[in-house]
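Trainee: Provided below for reference: sequence and predicted model.
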Amino acid sequence: MNARAAALAPLVLVAMASGAAAAAPKWQELGPAPVGDGFTGRVAALALSRRDPDAYFAASASGGVWQSLDGGQSWSPRTDRLPTTALGAIAFDTRDERIVYAGSGEANYAYHSLYGAGLYKSTDGGRTFRVLAGKTFEGLAFSRLAVAPNGTLWAAVSRAGGTADGFEGARQHPRRNAPMGLFVSTDKGNRWRLVRNGLPDLPAADVDIDPRDPNRIFVTASDVFGDGGNGVYLSTDGGGSFREVLGVDGSTIGRIALAIAPSDPDRVYAIASRPSGRETPGGFTPVGDVTLALFASTDGGLNWRSTDPGAFMGDQGVYDLAIAVAPQDPRIVFLGGVQVLRSTDGGATFGNVTPPHVDIHDLDFDAAGRLVAAGDGGVFRSNDLGRSWETLNGGLGAVQYYAGLAVSAASTDFIAVGSQDNGTHVRRRNGRWDQVFGGDGGWVAAQPDDPNEFVVQFQGTGNVFLTTDGGLSFTSLRGGIDAGDRTAFQAPLLLAPDNALFYAAQRLYVSDGGNGPFRPISDDLTTGPPWAIRSLAVAPSDAGTFYATTNEGGVLVSADRGATWTQVLSDIAGWPRIMRQVAIDPTDADVAAVVDGGFGGARVLLTRDHGVNWTEVGRRLPDLPIFAVAIHRSADRRQIFVGTDRGVYATANDGGSWVAYGVGLPNAPVHDVVVDAIHGRVLVATLGRGVWTCPLVAIRSGAGSGPARW
């Protein structure tokens, strides 16, 4: 905080509290919906009406269910108040399209593919949803939902969260390893039964049903690390028994997606990746899940031939894998991965028909026969089988943001923040959001009094860039950073009050002028490979006091501007990307808070003596992962804000009581919380619902152990 912010902070809080303390403040959505280039956040699955060409549903990876009634020209969120906005599958009931099912939890094996809370169901055409089967599916993820012509509901269920051993997307959920595979419900989703009957005890990646015969069910068993039981299985008796029908060694297979040709159900396609390796917990590394083969059957799955469609998956076949067959021609098949391929000869040859944004998670056809694709950039449609595409993201505010949001003391308009696979975004004076840099965006370090000057980054060591013209052009600041250093997926960036720019790998770097070059100022703050620094904070009242956390769970403190460090905590959970995991009291450098990014254990830890002793102050919070923390001071009042996987909470008495801060914020994961005291507001960056703002007001401490009050 600069001097102006420190001076105004108490006045802003007291003034606003005097008129608004009696009622909870309201959150306001700032966007983007979409970014200026038309892209939004990741959409994991689609449900397109077979009767109405304008009726679309999109299951956002962590932004909930969205509905369009005009063929994707505009969208409305439908599940913001349900327990999680993480979605993996969605489907219409084939007999009654007023019934819509959505499976929570995303089975795309990224660190940001989050755990679910049950099955969502609508009986009024998608206007409202309710939760079913929470005890059955909590902590898991839906890969696919399929409704048979007789109304039987089938679900392919897998695990959430990444390809590291800990499955970080599950965030240590107590049911992250609960039974998974193929589930069936015969009462419209109320009660479920796990089906084995010849199926292996493995996650299920896909399920499809013969449109002529509800007793013919295909399912893919897919342990993404490879297993002898992986493969395509078929039941011809309604699930009473299954047998493996794809004669390939399952240990060579990772994930499998399949599709039955609507116009010729004897023609079945299955696309498979090779198994994934296990990522190091230290961050992103290529894991080798490249294309295995496309398998095609023309006799209902009894016999198969294989072809090699090429390297369209990159090396992330367990992350984005999709397949669809044209409704009128069984020889036209589309494969989705990093790119989209089209074959017009039953899979013998392919051409590239990739939409405007790569990384595709679902492909389907609407009632008008148009091809629709969903992926990391949102929803796209082609009227000519992939030759050309239009972007359908108007109003679809599903951008996934990380920690590192930056604001400006000079302007309420300027906001900059990094996003999942959509670069770094900047909000302009007219409310428009523009992508100013590519890759996966990380921390932004902005000059507090000049919104045109800021530093951005993307994943990987040394990828740091400076702009002085608002993002029109950038200069690399790589100089001095050892390319062999280890970083979290993105490296924390911090602009100190004295204008020094700090960059955190496994050790700390500084650029004294803030515009490069960098020089290392500390030793390795971890125990060695593959670990790195995950978050970094400097005391606004003392430029020499730093706190850092590492992605092996360490918390360290420095009193000499980062030259020497003392580890004060260990085993503090988080994830291999970046978090605002530590915050320092703006007026007292001895006071800091650290938050925990997993279920169970400590929630919020507070020190009042520079890290020597810590007190658990989060016991009265819900048991949710906490991914961001901020501290605000007004006179003698300290308010601590935390961003959880389900909104923002605040305390005015160091955890004696907590209150859900504000009203109207979707139940999306909050990955950053920033107190903008100068402008009297709190801002959050959510993983799946963009950026939101709320007035900064005081909350009253609860009486004894009672809840806090407005």
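Mentor: Yes, it's here.

Trainee: where do the strands sit along the stretch 501-650 of the chain?
Mentor: 501-504, 508-511, 519-520, 533-539, 542-550, 555-558, 566-569, 582-584, 592-595, 604-607, 615-616, 626-634, 637-644, 647-651 (DSSP state E, counting those that start in this stretch).

Trainee: Tell me which of those approaches L69 most closely.
Mentor: Evaluated over the strands of the stretch 501-650 of the chain, closeness to L69 peaks at strand 647-651, with 28.2 Å, by CB to CB. Every residue, glycine included, has its C-beta placed from N, CA and C.

Trainee: in its sheet, what does that closest one sit against?
Mentor: For strand 647-651, the paired strands and their directions (DSSP bridges) read strand 637-644 (antiparallel), strand 659-660 (antiparallel).

Trainee: and the last one, what's its mean pLDDT?
Mentor: What that stands for is strand 659-660. Here the mean pLDDT over strand 659-660 is 96, rounded to a whole number.

Trainee: Ok, the longest one next?
Mentor: Summarised as a single mean, pLDDT over strand 637-644 is 96.

Trainee: one step back: switch the strands of the stretch 501-650 of the chain over to a markdown table, and while doing so, append mean neighbour count to every line.
Mentor: Formatted as a markdown table, the strands of the stretch 501-650 of the chain follow (neighbours: other CB atoms under 10 Å):
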| stretch | mean neighbour count |
| --- | --- |
| strand 501-504 | 26 |
| strand 508-511 | 24 |
| strand 519-520 | 14 |
| strand 533-539 | 26 |
| strand 542-550 | 22 |
| strand 555-558 | 23 |
| strand 566-569 | 16 |
| strand 582-584 | 24 |
| strand 592-595 | 28 |
| strand 604-607 | 23 |
| strand 615-616 | 13 |
| strand 626-634 | 25 |
| strand 637-644 | 24 |
| strand 647-651 | 24 |
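
Trainee: Using a markdown table, lay out those strands together with distance to G139.
Mentor: Output for these, formatted as a markdown table (distance: least, CB to CB, whole Å):
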| stretch | distance to G139 |
| --- | --- |
| strand 501-504 | 32 |
| strand 508-511 | 36 |
| strand 519-520 | 41 |
| strand 533-539 | 24 |
| strand 542-550 | 25 |
| strand 555-558 | 27 |
| strand 566-569 | 27 |
| strand 582-584 | 27 |
| strand 592-595 | 21 |
| strand 604-607 | 23 |
| strand 615-616 | 24 |
| strand 626-634 | 18 |
| strand 637-644 | 16 |
| strand 647-651 | 19 |
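
Trainee: care to break the chain down by domain?
Mentor: If the domains of the chain are taken from automatic domain parsing, they occupy 3-30+399-695, 33-391, with pieces of a single domain joined by a plus sign.

Trainee: For G139, see how far away the closest residue to F137 other than its chain neighbours is.
Mentor: Taking CB to CB, 6 or more residues apart in numbering as the measure, F137 lies nearest to G118, with 5.0 Å between them; neighbours along the chain are not counted. To G139, G118 is 10 Å away according to CB to CB, to the nearest Å.

Trainee: same question, N551
Mentor: 22 Å.

Trainee: between those two, which one's more packed in?
Mentor: Using other CB atoms under 10 Å as the criterion, N551 and G139 rank with N551 on top: 31 against 22.

Trainee: my guess is the more buried one contacts R534, does it?
Mentor: Yes: applying CB atoms under 8 Å as the test, N551 and R534 come out as touching, 4.4 Å apart.

Trainee: where do the contact lists of the two overlap?
Mentor: Contact criterion CB atoms under 8 Å, 6 or more residues apart in numbering; residues bridging N551 and R534 by contacting each: A488, G574, P576.

Trainee: will you turn the residues you listed into JSON lines that also has distance to G378, pLDDT and neighbour count?
Mentor: As requested, the shared contacts of N551 and R534 are arranged in JSON lines below (distance: CB to CB, whole Å; pLDDT from 0 to 100; neighbours: other CB atoms under 10 Å):
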{"residue": "A488", "distance to G378": "26", "pLDDT": "90", "neighbour count": "27"}
{"residue": "G574", "distance to G378": "28", "pLDDT": "83", "neighbour count": "26"}
{"residue": "P576", "distance to G378": "25", "pLDDT": "73", "neighbour count": "24"}
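
Trainee: pretty sure L48 contacts D364?
Mentor: Yes: using CB under 8 Å, L48 makes contact with D364 at a distance of 5.1 Å.

Trainee: about what we covered before: just name the closest of the shared contacts of N551 and R534 to L153, please.
Mentor: Distance from L153 was checked for each of the shared contacts of N551 and R534 by CB to CB. The minimum falls on P576, at 35.6 Å.

Trainee: any low-confidence regions in this structure?
Mentor: For the chain, the stretches with pLDDT under 70 are 1-22, 163-167, 280-287, 703-706.

Trainee: middle-most residue in it, spatially?
Mentor: Against the mean C-alpha coordinate of the chain, by CA atoms, centre = their mean, the closest residue is H112 at 3.7 Å.
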